[in-house]
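K.L.:
here's a sequence, model it:
(4 chains)
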Protein chains: 2
Amino acid sequence: MSYEELAPRKMRILKAIVDDYIQSMEPVGSRTIAKKYEVGLSSATIRNEMADLEDMGYLSQPYSSAGRVPSDKGYRIYVDHLIEIDESKFSEYNRLLNYYEQRINELGQIIKVMTKLISKATQYTSFSMKYKTRSSIIKACQVVPIEKGRALVVVVLGNDLVRNKIVNIDYSIELDTIVRLSNILDRKLSGCRAEGISVIIVNEIVKESCMDRHLILPLVDGIIDCLQHAEEVELYTEGASNLLMHPEFFDVNRAKAVLEVVHDTDIVVQLLKKSAEAGGLMVRIGQENDFDEISDCSIVTATYRINDVELGTIGVLGPTRMDYQKVISSLEYIRKKLNQDMPHRLEGS
Amino acid sequence: MSYEELAPRKMRILKAIVDDYIQSMEPVGSRTIAKKYEVGLSSATIRNEMADLEDMGYLSQPYSSAGRVPSDKGYRIYVDHLIEIDESKFSEYNRLLNYYEQRINELGQIIKVMTKLISKATQYTSFSMKYKTRSSIIKACQVVPIEKGRALVVVVLGNDLVRNKIVNIDYSIELDTIVRLSNILDRKLSGCRAEGISVIIVNEIVKESCMDRHLILPLVDGIIDCLQHAEEVELYTEGASNLLMHPEFFDVNRAKAVLEVVHDTDIVVQLLKKSAEAGGLMVRIGQENDFDEISDCSIVTATYRINDVELGTIGVLGPTRMDYQKVISSLEYIRKKLNQDMPHRLEGS
DNA sequence: GTTAGCACTCACCTATAATGAGTGCTAATC
DNA sequence: GATTAGCACTCATTATAGGTGAGTGCTAAC
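P.N.:
Okay, here's the model as predicted:
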């Protein structure tokens, strides 16, 4: 969709309307704009401009003599051209972040904390998603004997994520055989990409171990299982009930529909993944969302990368009448923060 | 609290009132009882009995000329003495359960599925909690080398739960040293209870490995870390938004307060743990709950054990006006089901 | 001990009127 | 030609008042 250029004055008025409506949720009238915002114009002139903006589809009127309300198209132009990102206000994040700093020991944890902060600060619902691994190179793998007939397969993946699975093995296999096997598997498979475990490699393992194929297969299957699970994502939701604070969800049915989406892991992951594809920041407004249940909601997502390694995606879901400025600024702020903090963290522990 | 004995007729009337109110949420009048329920009495007589029941605190009146509503005390006597558990209706569970049966591969999974079914069937919110491990005997432990200076500690616990942690080790340690160390650790610590890793054992390990103490300590610390995390619980929530379907939560503020509790992992765990202490089935009605936010809610919890091994706790949260009969029957049904299914599962995979 | 009858209470519903924020249009002004 | 002031009109929202009915407590009769 391309948007015709709008005269600067129309832009100013549109911005004022959206700003006001975001704050009050009341249809905003021409007099309000004339009084509260510094557009040196009378209400009558503004009235005319508003009529134009409505004709162009940026505003709409709930009923004939009410004020104007931004349409999805209006929000879109607001988000694309009228927002002023202001990161100066987020010192609160810093304070809270420092508090957590010391106890953060895992890569994903920092994003989790951010998610919590965002939901607190914005009063919307926020999500964070992290691929359990993306660069699924096998860094190391090992077989741990548990007891006769059973062993644990452990795989360490490219980004230090660990996956494991208990497998049943032949009763006849002795403990030290497992240790030997474990070393062979580790040597053969380390460095492999997930999809690179070919039959050829398995054959080599069989040959080198001098053992029967059917004794080894359960172990290899276990390893492959670990890798498949590795494509899973970890989802973290914060502040779902915040949505109930916003008047648009005072109606129980609306609220229920939205909360069902919020609690549906599959849908949320789908939504966040879209952002990852697009890369960087993404705003989907109202009907632009694929799901009808949230056609009166907006989603802002940001996917963070360092050295082309995808760290995760953070998303915020709120009513279409969302404080885009605050949300977008927050996510941008976090991007800076991550770029600043993560590199040393990545080489560090 | 001890409750005075109630005359059988009063009991019958009380049951009728609670049954009706649970279904309709409307204050129930004497005429309704006389017509809909088979107590061969006139409305006037019932009126007198109701007045008595109100005096005794089992009922209350929203306003002077309205019907009666059960009080917490009324629900209590209903739950304790008037419920008929009927498990015949839950064939639906069976059908759904069979569908999932094949894909259940983990111990806790079956409880998760049950949780989902319950929330669907009852239209309330349900939880399941599982200790990540309770019998924290070390079944096996192993050190997996990842790369120079780093290794992965893996601990398999009594109930087949696996925990792991990446630790930094001295740069000078060679790969085969780790393998040797791993075997020593496994031999020395297998069979240990979590709290039984004494300094003596560590000293033995140091001696046998002929290595410096400070080289080994990071590994031992890693193992201990794994065990400490083992006391954590896993919580699973299903159907949070179901609560919004019940009229008592049409008010946004009530709904928000309750949903906040539902989403607060710590509080929910606390609630469910209480049940574990009490053992078996537990019903907490309205004000009996420790948290004000849910003083208009009831919680039914059931902790399941087999051979004194705690499998987990399932809980249902809904409005005080809850279909206790259905909820309690469901949880009892599941207890039967678990006793039937789990034993072979436990020895099996 | 039980029941029928009756006056009384009080939430809830409905209709109507009053209010006021906001508009579109027209004519006067810069 | 663009801007503004003025005015009649629209329509959601709020307040008020009367009517309705479910349910009670009490009394007297069975």
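K.L.:
can you tell me the closest non-neighbouring residue to A:I197?
P.N.:
Distances taken as Cβ to Cβ, 6 or more residues apart in numbering or on different chains place A:I224 nearest to A:I197, at 6.3 Å, with adjacent residues excluded. In this view, the C-beta of every residue, glycine as well, is placed from N, C-alpha and C.
K.L.:
just to check, that neighbour is in contact with A:I201?
P.N.:
No. Applying Cβ atoms under 8 Å, one finds A:I224 not in contact with A:I201, separated by 11.5 Å.
K.L.:
and chain A, which residues reach DNA strand C?
P.N.:
Proximity of chain A to DNA strand C, by Cβ under 7 Å from any atom of the strand, involves residues A:26-32, A:43-44, A:47, A:50-51, A:54, A:61, A:65-68.
K.L.:
which residues touch the nearest residue to A:E84 once chain neighbours are set aside?
P.N.:
Counting by Cβ to Cβ, 6+ apart, A:E84 lies nearest to A:Q325, which is 6.8 Å off, once chain neighbours are set aside. Taking Cβ atoms under 8 Å, 6 or more residues apart in numbering or on different chains, we find A:Q325 in contact with A:I83, A:E84, A:I85, A:D86.
K.L.:
could you check the pLDDT of the residue nearest to A:I197?
P.N.:
At A:I224, the pLDDT value in this model is 83.
K.L.:
helices or strands up against the helix or strand where it lies?
P.N.:
Assigned by DSSP states H and E, A:I224 falls within helix A:213-229. If you count contacts as 3 or more Cβ pairs under 8 Å, 6 or more residues apart in numbering or on different chains; DSSP states H and E, helix A:213-229 packs onto strand A:138-147, strand A:150-157, strand A:162-168, helix A:175-189, helix A:199-209.
K.L.:
paired strands for the second one, with orientation please.
P.N.:
In this case it means strand A:150-157. As defined by DSSP bridges, the strand partners of strand A:150-157 come to strand A:138-147 (antiparallel), strand A:162-168 (antiparallel).
K.L.:
for chain A, which residues are neighbours of chain B?
P.N.:
Contact residues, chain A versus chain B (Cβ under 8 Å from any Cβ of the partner chain): A:139-142, A:144-147, A:152, A:154, A:156, A:160, A:162, A:164, A:166, A:168, A:179, A:183, A:186, A:240-241, A:244-245, A:249-250, A:252, A:255-256, A:259-260, A:263, A:349.
K.L.:
show the buried residues in those.
P.N.:
Buried members of these, scored by 16 or more other Cβ atoms under 10 Å in any protein chain shown, are A:139-142, A:144-146, A:152, A:154, A:156, A:160, A:162, A:164, A:166, A:179, A:183, A:186, A:240-241, A:244, A:249, A:252, A:255-256, A:259-260, A:263.
K.L.:
what is the neighbour count of A:T125?
P.N.:
26 (other Cβ atoms under 10 Å in any protein chain shown).
K.L.:
where do the helices sit along the stretch 1-150 of chain A?
P.N.:
A:8-24, A:30-36, A:43-55, A:72-77, A:91-101, A:109-122 (DSSP state H, counting those that start in this stretch).
K.L.:
export those to TSV and tack on mean neighbour count and mean pLDDT?
P.N.:
Output for the helices of the stretch 1-150 of chain A, formatted as TSV (neighbours: other Cβ atoms under 10 Å in any protein chain shown; pLDDT from 0 to 100):
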stretch	mean neighbour count	mean pLDDT
helix A:8-24	19	92
helix A:30-36	17	90
helix A:43-55	17	91
helix A:72-77	21	95
helix A:91-101	13	65
helix A:109-122	21	85
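K.L.:
and the ones you listed: which comes nearest DNA strand D?
P.N.:
Checking those against DNA strand D by Cβ to the nearest atom of the strand gives helix A:43-55 as the closest, at 3.5 Å.
K.L.:
quick one: residues contacting A:D296.
P.N.:
A:E248, A:R254, A:G286, A:P319, A:T320.
K.L.:
tell me which of those is nearest to chain B?
P.N.:
Chain B lies nearest to A:R254 out of the contacts of A:D296, by Cβ to the nearest Cβ, at 9.9 Å.
K.L.:
helices and strands of chain A: which one bottoms out on pLDDT?
P.N.:
Lowest on mean pLDDT, DSSP states H and E among the helices and strands of chain A sits helix A:91-101, with a mean of 65.
K.L.:
sort the contacts of A:Q325 by pLDDT and name the bottom one.
P.N.:
Among the contacts of A:Q325, A:D86 has the lowest pLDDT, at 80.
K.L.:
and that residue, its phi and psi?
P.N.:
Torsion angles at A:D86 (phi, psi; degrees, to the nearest 10) stand at phi -130, psi 110.
K.L.:
mind listing what it touches?
P.N.:
So A:D86 contacts A:Q325, A:S329 (Cβ under 8 Å, 6+ apart).
K.L.:
what ranges do the helices span in the stretch 201-349 of chain A?
P.N.:
Counting by DSSP H, counting those that start in this stretch, the stretch 201-349 of chain A has helices at residues A:213-229, A:252-263, A:265-278, A:324-347.
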